[in-house]
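Enquirer: pasting a predicted model and its sequence here:
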Amino acid sequence: MADHAGFLQAICDDPDEDAHRLVYADWLEEQGESARAQFIRAQLQLARFYRKESDPFETGVWADELLPEHRQAFLAPLLALGLKECATRRRFHASDPGCVFFFRRGFVEDAEVRGGPALAQLTGQADRLFALTPLQNIRISPLRGGDVGFESISVFTLSFFLRLPQVSRLRTLDLRDHRLGNAGALALLNSPHLSRKTRLFFEGNQLPPEARQALEGRFGDAISCGPDYDEDIPF
């Protein structure tokens, strides 16, 4: 009989296959975790009628929308890694560092990571994190508000993240509005695991024309860079 880790590995290795998730739900039911099993089945059923891959974060269920007891139970394995859950979902008013988790098809498939420390924590726990949930879409957001006003991630932190083998599993990587410039472009270009299979959003990074051309040459239509470098780009 497959063990818990075996079920999760099958789901993470083949995230498009609903059968693995349904088998896991049946196993959870047998273990007395009926709420988790029912949640997986319900989200799988809904996904058959409504799926919008072009904007995954808007089609997932925000973890804070779940009943508190379910949210705590469903997120417990991820939070045990030291990942901090944010209290607010509103991206453009993000002043609290940490992660916002979104459930799709019964699992956390989407995560918004706010601030460099949160990204560093996720990077350090990547092996365990990607073995627990089929994470496919990551948005890395700068922090806003407070005395700083605007705090983007560092290129150093981003470069470590982009070296992770798990980056190759991502369908979406959103890096908008960090003002990373040439150094950020080089971090993307030097990643051994990014490919045109991952949709990249890189607007708001003040790219000179040469950097934009290099990124579009490497990633083609998979990357969106926005306008060329402009000192007056509003943030």
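Expert: Everything's here; your move.

Enquirer: show me the residue at the heart of this structure, geometrically.
Expert: residue 138 (2.0 Å; C-alpha atoms, centre = their mean).

Enquirer: assumed that residue was part of a strand.
Expert: Yes - assessed with DSSP: H, G, I helix; E, B strand; the rest coil, residue 138 lies in a strand.

Enquirer: quickly list what it is bridged to.
Expert: Listed beta-bridge partners, residue 138: residue 111, residue 173 (assigned using DSSP bridges).

Enquirer: ok, it to residue 122 distance?
Expert: Look at residue 138 and residue 122: by C-beta to C-beta, to the nearest Å, they are 8 Å apart. Bear in mind the C-beta positions are built from the backbone N, C-alpha and C, glycine included.

Enquirer: who touches both of those two?
Expert: 111, 113 (C-beta atoms under 8 Å, 6 or more residues apart in numbering).

Enquirer: related to what we said a few turns ago, so what's the residue nearest to the centre of the chain up against?
Expert: Neighbouring residues of residue 138 by C-beta under 8 Å, 6+ apart: 110-113, 170, 172-174.

Enquirer: tell me the SS of the closest residue in space to residue 83 that isn't next to it in sequence?
Expert: Nearest residue to residue 83, sequence neighbours excluded (C-beta to C-beta, 6 or more residues apart in numbering): residue 99, at 5.4 Å. Under three-state DSSP, residue 99 falls in the strand class.

Enquirer: picking that back up, out of the contacts of residue 138, who's nearest residue 156?
Expert: Residue 156 has its nearest neighbour among the contacts of residue 138 in residue 113, at 15.6 Å by C-beta to C-beta.

Enquirer: what's the local residue count around the closest one?
Expert: For residue 113, the neighbour count with other C-beta atoms under 10 Å is 25.

Enquirer: you'd agree it is in a strand?
Expert: Yes - note on residue 113: a strand contains this position according to three-state DSSP.

Enquirer: where does pLDDT dip in the protein?
Expert: By pLDDT under 70, the low-scoring segments of the chain are 1-2, 50-55, 57-58, 89-94, 145-150, 228-235.
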